[in-house]
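>>> got a predicted structure here, sequence first:
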Amino acid sequence: MAFAAGLVYLLQFRELKVKRLGRVFRFFPSLDTLDVVGRRALAIGFAALSIALVLGWAWTVRFQNSFAIGEPDVVWGIVTWFTFLAVIAARVGDPARGRRGAMASVVGFAVVVLVYMVLRLNGAGGTAFL
């Protein structure tokens, strides 16, 4: 959701910058609305992912008596968590945080998808990964 809001924010920002107020401008929500949607999506997603990682860690330790850091799903979860953290950090403290936050959301989503593809293509040693 943060990716979509960020992408639409960047498109709307570009429309405003070049003063081309056509159909796209009228169709998209305002920049403030997109910024709020992006911030809320990040906050909810970060909290949900944090809870899921902690529960997954606890379940793995309890029932499998191990926690292999090198497993692809663990690596992907940790990279995704740090990506969320970086995107949230990009939104803090700058008056122009909307555009920078939108760009960070789009780039963060691309990083998460790229890491997934690399882990998936490397093969998980014959085991299924997502």
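Here it is on my side, so go on.
>>> and residue 41, its phi and psi?
phi -60, psi -40 (degrees, to the nearest 10).
>>> what's around it, how many residues?
Residues contacting residue 41 under the criterion other Cβ atoms under 10 Å number 17. (Each C-beta comes from the backbone N, C-alpha and C, glycine too.)
>>> from memory it sits against residue 9, does it?
No: the pair residue 41 and residue 9 fails to qualify as a contact (Cβ atoms under 8 Å) at a distance of 11.8 Å.
>>> what strand or helix carries the residue nearest to the spatial centre of the chain?
Geometric centre of the chain, nearest residue: residue 109, 4.5 Å, by Cα atoms, centre = their mean. Using DSSP states H and E, residue 109 sits in helix 97-122.
>>> any buried residues in that helix, and which?
98-99, 101-109, 111-112, 115-116, 119 (16 or more other Cβ atoms under 10 Å).
>>> measure how far it is from the centre of its chain, please.
Distance of helix 97-122 from the chain centroid (Cα atoms, centre = their mean, to the nearest Å) equals 6 Å.
>>> now swap in stretch 21-28 and tell me
26 Å.
>>> which residues sit against it?
Stretch 21-28 has contacts (Cβ atoms under 8 Å, 6 or more residues apart in numbering) with 8, 11, 12, 15, 16, 34.
>>> quick check: mean pLDDT of stretch 69-83?
Averaged across stretch 69-83, pLDDT comes to 85.
>>> so is residue 92 in a helix, a strand, or just coil?
Reduced to three states with DSSP: H, G, I helix; E, B strand; the rest coil, the structure at residue 92 is coil.
>>> any idea how far it is from residue 100?
According to Cβ to Cβ, to the nearest Å, residue 92 and residue 100 sit 10 Å apart.
>>> next, show the common contact partners of those two.
If you check residue 92 and residue 100 against Cβ under 8 Å, 6+ apart, no residue is contacted by both.
>>> now do the phi/psi pair for residue 28.
According to degrees, to the nearest 10, residue 28 has phi -80, psi 150.
>>> count of residues packed around it?
Using other Cβ under 10 Å: residue 28 sits among 15 other residues.
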